[in-house]
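Colleague: have a look; sequence and predicted model below, questions after that.
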Amino acid sequence: MKVDDIMDVALRRGFIFPASEIYGGVSGFWEYGHLGTKLRQNWENAWRRHFLGLDPNYHEITTTNIMPKGVFEGSGHLENFNDPLTSCTKCNQRFRADDLVQEATGRSVEDLTPLELSEAIRAEGITCPKCKGELGEVNLFNMMFQVNIGAAGGLTGYLRPETAQGSFVSFKRMFEVLRNKLPMGLAIVGRVYRNEISPRQGFFRLREFNQAELQIFFDPDAFEEHPDFETVRDTVLRVKQFGSDDIVSLTCGELVESRGIGKFYVYHMARVQEFYLTTLRIPPELFRFRELGGKEKAFYNKVHWDVEVYMETLGGFKEVGGIHYRTDHDLGGHEKASKQRLQVNIDGKKFVPHVLELSFGVDRNFWALMDVFYEQEGERTVFHFPPALAPVTVAVFPLLNKPELIAAAEALYTRLSPHFSADYDRGGSIGRRYRRHDEVGTPYCLTVDFDTVEKGTVTLRDRDSMAQEAVALDTVAATLIARLCP
RNA sequence: GCGGCUAUAGUCUAGUGGCAGGACGGAAGCUUCCCAAGCUUUUGGCGCGGGUUCGAAUCCCGCUAGCCGCACCA
């Protein structure tokens, strides 16, 4: 199985491994080794360059992982994800305990604690609605991890379940700092936490993971337009529309005209696709937008397409991101809960900005790179990562263990390492060293031989073609840069 | 969270109550060595915690993790 092969390399070579492994691990928590950290950072930096470059007024901020309870009252996370659950001890069906008690007693049970609900279930003799089996203890279940801030009796806080809230609570100040202009984008790349009941699918559903999100605040009256729309009007998007099983190719112009989706939204779809096809080099047939509708779509999302990549290891197209038109749901909620005015005043027009959210799961994107670019070519295992994303850009080898070659190779490594992600390896045969670096996706290897000492050339070996060419020492850095930025 | 199966070195694996073995990998060295060649030396393991037993990798219980199914996944 491909998933086993990739996980084997990932564990063996230092991409990812189970968290707190020596204590047995905890499901849903993973650690990144040195190569995984580099690959993830490279993805994140590519994401920053692409999305923050879309508009001079899109910026990255850094906000806290722990936020006070009030934030999640404003966001709706507490209200919507704090369900008291009980399950049948016989058939394991789960139920909302408050619904069952309320139905049996006719009383409002909103303020009852889980313990009181458990007692009420026993007192009323409530049994499983499905099989009449005995119901278990009531447990409050919220996807958020709760933490105590300060000494006993202090504030209740939560680990953020999405980075987005950081942008919303920072909106008021950042709008002022950035001199009252819309659209304004606030990006956050960072850790988030969700207490999944039962994470499965290996690395795909995590309890602690990374998001890269860009919240774009804009005037809702401008949703139908975008100043650069003409540059993407004829761009062909791969889309799977709600209610259809087919992936079709539609231009941005067609999507606006046939579906009435605002140009502001479709423009950003084009830029997202560009990121996947051009920067990440995902083959087009493995990429699509999937429109969500009906129950799948959160009530506050007016338009919602997921970004999906086909992953063989996960058996199909899987969500790696989403484009959500969240309207004024978030700022409106925080306005009520915080009692702060979050409306803006632009040229005398007062309104609460709407939000377009570009949201990406970093770890899922990381896994997508591992899946899409993994190749087993006979005995050769290779990751064909785009060179700019590969954890190691260039590896330097002395052909032989001769003092003059080692000295020359070390000098070359020392010269390159401040500017490139470089590695040095003198262990085993030259062929073995090439294979070692194929296995972690290093695009370029430089081998120092006697020609290096005598004529000042090194052998540049290309990962994908395995072709070799002589390159002058003086031009090695320039050659690498030219290949990294075609 | 429930049920079934599973857990031996970095990876894969042999071992069914009596000395934990192999392959690959890693390290050091030899070999003017450009695609996992060869040789020498070496490293390193029974997931965790209880129990049964003279003796447990092996049998039993619990925990943790993984896989499959159910449930969950705003």
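Modeller: Sure thing, it's come through.
Colleague: quick check: mean pLDDT across the host helix or strand of residue A:117?
Modeller: In this structure, residue A:117 sits in helix A:114-124 according to DSSP states H and E. The pLDDT scores in helix A:114-124 average 73.
Colleague: any buried residues in it, and which?
Modeller: A:114, A:116, A:117, A:118, A:120, A:121 (16 or more other C-beta atoms under 10 Å). Yep, even glycine has a C-beta here, placed from its N, CA and C like the rest.
Colleague: check which helices and strands it sits against.
Modeller: Judged by 3 or more C-beta pairs under 8 Å, 6 or more residues apart in numbering; DSSP states H and E, the packing partners of helix A:114-124 are strand A:82-87, helix A:97-105.
Colleague: is it positioned near RNA strand B?
Modeller: No: Helix A:114-124 stays clear of RNA strand B (C-beta under 7 Å from any atom of the strand), getting no nearer than 14.7 Å.
Colleague: I'd guessed residue A:303 sits against residue A:259; true?
Modeller: No: the pair residue A:303 / residue A:259 is not scored as a contact, 9.1 Å apart, by C-beta atoms under 8 Å.
Colleague: give me the more crowded residue out of these two.
Modeller: In terms of neighbours (other C-beta atoms under 10 Å), residue A:303 is the more surrounded of residue A:303 and residue A:259; the figures are 21 against 14.
Colleague: what's the closest residue to residue A:442 other than its chain neighbours in contact with, if anything?
Modeller: Nearest residue to residue A:442, sequence neighbours excluded (C-beta to C-beta, 6 or more residues apart in numbering): residue A:392, at 4.4 Å. Counting by C-beta atoms under 8 Å, 6 or more residues apart in numbering, residue A:392 touches A:35, A:38, A:421, A:422, A:423, A:437, A:440, A:441, A:442.
Colleague: now chain A against RNA strand B: closest residue?
Modeller: Nearest residue of chain A to RNA strand B, counting by C-beta to the nearest atom of the strand: residue A:431, 2.5 Å away.
Colleague: so that residue: helix, strand or coil?
Modeller: Of the three states, residue A:431 takes helix according to DSSP: H, G, I helix; E, B strand; the rest coil.
Colleague: what does the model give it for pLDDT?
Modeller: Value for residue A:431, per-residue pLDDT: 93.
Colleague: burial measure for it, as a count.
Modeller: Number of residues near residue A:431 (other C-beta under 10 Å) recorded here: 8.
Colleague: the one 3 residues further on now?
Modeller: Using other C-beta under 10 Å as the criterion, residue A:434 is surrounded by 21 other residues.
Colleague: you'd agree residue A:326 is up against residue A:303?
Modeller: No: Residue A:326 lies out of contact with residue A:303 (C-beta under 8 Å); the separation is 9.6 Å.
Colleague: can the top helix by length along chain A be found next to RNA strand B?
Modeller: Counting by DSSP state H, the longest helix found in chain A is helix A:34-52. No: contact of helix A:34-52 with RNA strand B (C-beta under 7 Å from any atom of the strand) is absent, the minimum separation being 13.2 Å.
Colleague: where exactly do the helices run in the stretch 151-300 of chain A?
Modeller: Assigned by DSSP state H, counting those that start in this stretch, the helices in the stretch 151-300 of chain A fall at A:164-177, A:252-259, A:263-274.
Colleague: re earlier: how close does the residue nearest to residue A:442 get to residue A:480?
Modeller: Taking C-beta to C-beta, to the nearest Å as the measure, residue A:392 falls 12 Å from residue A:480.
Colleague: I'm done for today, thanks for sticking with me.
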